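> sequence? don't have it. structure:
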C-alpha cells in the first residue's frame, strides 16, 4: 500500500536539448540549411559538428592539449546532445569500447591524436574487418620522440592500409563539415565502415578560422541499427551457429580464401564509399587552376600553405595549380590522373618525414603522366613550412 | 530476439534446416531450462572442437544452460581456448582483439541500453585467465570500477592453453610451464580479492563439480548485472593437456582442487542480495 | 568577427607557424592582423602590425613602426577592440595618403 519508492516525488527529468532539435536530411544539413559564419577554433568547430550529429555515445580519453574535443563532447552530453558518455581507461580501452558500442547499432564517436592513435591502433585497425560504422576524429600530432604538439601527420600513413575511410581536413571549416559527412557515409549499408577524420592538430584545433555553420536546432537523422551490411550484435536475428565475427576468426576453421574475400570486401566497401563522398564533399578533390603546367598536390594544412604560395606565384606572373585531396581513402586516383594528364611538374608538400602522399602520387600517376613528381617540400616534428619554401621548391624544380 | 518472428511459417518447414527448427521449437529460448533436463532440449552449444576431456567445454555448456534469457544475451570473448567453443553457440558472439573483452562489453552494453530502452539485454564476457588478468587487466578492473552492468566469467585453466602452455598470472607459484622454466616465481593473482576491492556486486568462485550449481551461479550473476552492477565468476576449468591430467581423471582433479583451494564461494553486495532474494522469492511463489 | 571593410586578403599565415592573417589596405598603408594557434585556446589573440605596401600591384609589404598609430606590434584580445583600432587606422591612413601625395607634389 505505502511503498516509499512509489510515493517518492518523481525526479524531474532534465530536458535533453538533443530531443528539441529537428531531424533534417543530410542534404539539407550540408547544402540547404542557412549558414552563419563564425570565427572559431577547430576544436569548437568539431564540437558544433558533434552537436548536430545526433551522436548516441561518445567515449573519451584525455589527450589534451591536442584533443580538447572529447571534453567538449562531455559538455554536449551534459546538455543532452549525446545520450551516453564516459571517460575510458586509455586508448585501447576506448577504441575497443567504440567497437562494442557500434556493434550494438548506435552512433559512436571518439577522438584522439598522435600517440593516442598509435596506442589504440590495434583496436582501430580491427574496426573495418568488424564492419563497425563509427567516427574517429584524429588531430595529428608528433608521435616520435621527442615530444611536441606541432602538427606532423605521420600517423596517417598507419591508417592508409587498414580498410578505414580516411578524410583529411584542411582547416576549421573542414573540421565542421567532414565529421558530419563521415557519420552519414559510414552508416550507408553498402559502406558500413568506420571513418577517420584527420586534421593537422594545433594549426587547426588551436587556431581560429572562419567556419560557416547551420543553426544548432537541427540534427542529422539517427543511426538506424537495423540497416547494416552485417547484423548488429543485438541478438535480434535468427539464431545460427555462426556469428558475424566468426568468419574473421582464426583460419584453422575456415579457409584462407574466406578470410581473403572478407578483406577484399572491406576494401571494396571503401571504394563504394567514394560515390557518397563525391556527393557530400562535392568531389574527392578540389582543383585550383586546372590548366596550369605546374601542380601542387596536397592534403591537410599543407593545402592552406599551398593556396598562399600559388597566390604569390600569380603575383609574380606564374600560374601554378593546386589539387586539394579531401579523401585519402578512398584515394581519388581517377581524379588525380585526369588532372595531371598534361602537367609537367608536381610538388607534394607534406607535414611528415615519410612522404606518404608522395608515394601515393607516384604509384597513382605511374604510366598516366609524364610529370616529374618532386618528393617535397617536407617538414616534420614541428618544423614550419613557410610559403617561401614551397616557392623555392617550385623554382628549384624548374631548373 | 523476437521469438514470434523466428517461428517458421506453416508450409515452409521443409525449407528450413532441422537445426534451426529444433532451436526454435525445442531450444531454451523464452524459458528457463534446467540442468536436469539436459538431453530433452536443444542446447545453445552442441558441437565444439575442444580437447577431449576438457573441463572448460563442460563449464561453458553449463553456463549456456544457466543464462536466464539467452534470446536477449550477447557473448563477448577473446583469443583463448574458450572462444573455440563459445563461437559455436547459437547466441551472437563478439570476438575482439586479445584482452579487450571488458572494454568492448562496456561499449556494447551501453549501446544496447540506448537502443533497447524497454528490453534488457544481457552481456556476458567469457574469457580465459590470461585474457582477463594479464593482457585485459586494465579493462577488467576499470569496467568494475565503472560498475558496468555486465557479467565477466573467467575460465581459469591457470595457463595459456591455446598458445601452447605458457604461465599466466593465474598460474600457481612454482608451476613449471613454458615461459616459467624454473617454475613460476610469484603467486597466483588474487582476482577474487581484486573484485572485492573494486566492490563488484556479485562475486563467485566455482569449480564445475556440481552442474546445477554452475547454472544457478551463472543465472544469479547475469541477473545481478542486469539490474545492480558488475558481476564476476571465476571458474576452475583445468587444462588436462598442459597439466597432463588423464582424461578420465579430469573430474577427480576438479573435486580435489575444489577441496584444496577452489571451494565454492559467493560474495554479494547488500543490494545484490536484496535483489536476488526478491527474484528467487517470486520464483518460488510461482511454483 | 573582424570588419570586412578594406579587407584585401585573408590567408594562412605565410611564415608557416599556423594561424590566419587578415590584410587591410588603404592605398599605400594597411594593417596585418594575425591570429595564431596557442596551446591554451583562451590565449588566442590578435597580433597587429601597421604595414606599408611596397607597390600598388602586389601585397608585398614592410612592417611600419614609424606611424603615430603603433611603434611596435600591438596585441588585441578581442575582435571588438581590434575593430575599433581598424576604424581609427583607416581614417588615419586616408589622411596619411593625402599628406604623402601632397609631399610628393
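Everything's here; your move. What you are looking at is a predicted structure, and each value in this text was computed from that prediction instead of being measured.
> which stretches of the stretch 1-150 of chain B form strands?
Secondary structure of the stretch 1-150 of chain B (DSSP state E, counting those that start in this stretch): strands located at B:73-77, B:93-95, B:122-128.
> Please read the previous query as pertaining to chain C.
C:7-12, C:20-26, C:29-35, C:46-53, C:61-63, C:74-76 (DSSP state E).
> got a markdown table for these, with mean neighbour count too?
C-beta here means a position set from N, CA and C on the backbone, and glycine is covered the same way. Output for the strands of chain C, formatted as a markdown table (neighbours: other C-beta atoms under 10 Å in any protein chain shown):
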| stretch | mean neighbour count |
| --- | --- |
| strand C:7-12 | 17 |
| strand C:20-26 | 20 |
| strand C:29-35 | 23 |
| strand C:46-53 | 20 |
| strand C:61-63 | 14 |
| strand C:74-76 | 16 |
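> Out of those, flag the one nearest chain A.
Each of the strands of chain C has some distance to chain A by C-beta to the nearest C-beta; the shortest is strand C:7-12, at 3.8 Å.
> now the strands of chain C in CSV, with distance to residue B:34?
Output for those, formatted as CSV (distance: least, C-beta to C-beta, whole Å):
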stretch, distance to residue B:34
strand C:7-12, 71
strand C:20-26, 71
strand C:29-35, 71
strand C:46-53, 75
strand C:61-63, 87
strand C:74-76, 77
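> Distance to chain A and mean pLDDT for those strands - can I get that in a markdown table?
Output for the strands of chain C, formatted as a markdown table (distance: least, C-beta to the nearest C-beta, whole Å; pLDDT from 0 to 100):
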| stretch | distance to chain A | mean pLDDT |
| --- | --- | --- |
| strand C:7-12 | 4 | 95 |
| strand C:20-26 | 6 | 96 |
| strand C:29-35 | 5 | 96 |
| strand C:46-53 | 10 | 96 |
| strand C:61-63 | 12 | 96 |
| strand C:74-76 | 13 | 97 |
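> Give the closest residue to residue C:52 in space, chain neighbours not counted.
residue C:64 (4.2 Å; C-beta to C-beta, 6 or more residues apart in numbering or on different chains).
> What score does the one you found have for pLDDT?
Residue-level confidence at residue C:64 comes out at 94, pLDDT.
> Quick check: bridge partners of the residue nearest the centre of chain C?
Geometric centre of chain C, nearest residue: residue C:31, 1.3 Å, by C-alpha atoms, centre = their mean. Judged by DSSP bridges, the bridge partners of residue C:31 are residue C:24, residue C:50.
> and residue A:303, backbone torsions?
phi -70, psi -40 (degrees, to the nearest 10).
> Give me the pLDDT value at it.
97.
> mind listing what it touches?
Contact analysis of residue A:303 by C-beta atoms under 8 Å, 6 or more residues apart in numbering or on different chains lists A:170, A:322, A:324.
> For the nearest residue to residue A:105 once chain neighbours are set aside, which residues are in contact?
Distance criterion C-beta to C-beta, 6+ apart; nearest residue to residue A:105, sequence neighbours excluded, is residue A:225 at 2.4 Å. Applying C-beta under 8 Å, 6+ apart to residue A:225 gives the contacts A:104-106, A:232, A:234, B:115.
> which residues of the stretch 1-150 of chain B fall in helices?
Secondary structure of the stretch 1-150 of chain B (DSSP state H, counting those that start in this stretch): helices at B:3-6, B:18-26, B:55-66, B:81-86, B:101-115, B:129, B:137-145.
> how far does stretch A:42-61 sit from the chain's center?
Centre-to-centre, stretch A:42-61 and its host chain are 13 Å apart (C-alpha atoms, centre = their mean, to the nearest Å).
> my bad, should have said stretch B:130-137
15 Å.
> what about it, near chain A?
No. Against chain A, stretch B:130-137 shows no contacts by C-beta under 8 Å from any C-beta of the partner chain, the least distance being 9.5 Å.
> Would you mind measuring the gap between the ends of that stretch?
Stretch B:130-137 has an end-to-end distance of 9 Å (C-alpha to C-alpha, to the nearest Å).
> Could you do stretch B:181-200 as well?
End-to-end for stretch B:181-200, by C-alpha to C-alpha: 35 Å.
> nearest spatial neighbour of the residue in the stretch 101-250 of chain A that chain B sits nearest to, skipping sequence neighbours?
Using C-beta to the nearest C-beta, the closest approach of the stretch 101-250 of chain A to chain B is made by residue A:104 at 2.9 Å. Excluding the flanking residues, the one nearest residue A:104 by C-beta to C-beta, 6+ apart is residue B:111, at 2.9 Å.
> Same check on residue B:257?
Using C-beta to C-beta, 6+ apart, the nearest residue to residue B:257 is residue B:236, at 5.7 Å.
> Show me what from the stretch 1-150 of chain A comes close to chain C.
A:37-39, A:41, A:43, A:65, A:68, A:149.
> Select from the residues you listed the one having the most neighbours.
residue A:43 (28 neighbours; other C-beta atoms under 10 Å in any protein chain shown).
> Check which helix or strand it maps to.
Secondary structure from DSSP states H and E places residue A:43 in helix A:42-51.
> Quick one: list the elements packing against that helix.
helix A:69-79, helix A:172-186, strand A:208-214 (3 or more C-beta pairs under 8 Å, 6 or more residues apart in numbering or on different chains; DSSP states H and E).
> Mind doing that once more with 10 Å?
Applying 3 or more C-beta pairs under 10 Å, 6 or more residues apart in numbering or on different chains; DSSP states H and E, one finds that helix A:42-51 contacts strand A:35-41, helix A:69-79, strand A:108-112, strand A:135-140, strand A:165-169, helix A:172-186, strand A:195-200, strand A:208-214.
> Quick one: distance of the last one to the chain centre.
Translated: strand A:208-214. Relative to where its chain is centred, strand A:208-214 has its mean C-alpha point 18 Å off (C-alpha atoms, centre = their mean).
> Report the angle between that strand and strand C:20-26.
Using axes from the mean of the first three to the mean of the last three C-alpha atoms, to 10 degrees, the direction of strand A:208-214 lies 100 degrees away from that of strand C:20-26.
> for the second one, same thing?
In this structure, helix A:69-79 runs at an angle of 90 degrees to strand C:20-26, with the same axes, to 10 degrees as the basis.
> Now do helix A:69-79 against helix A:172-186, angle only.
Using the same axes, to 10 degrees, helix A:69-79 lies at 70 degrees relative to helix A:172-186.
> Fine by me, thanks again.
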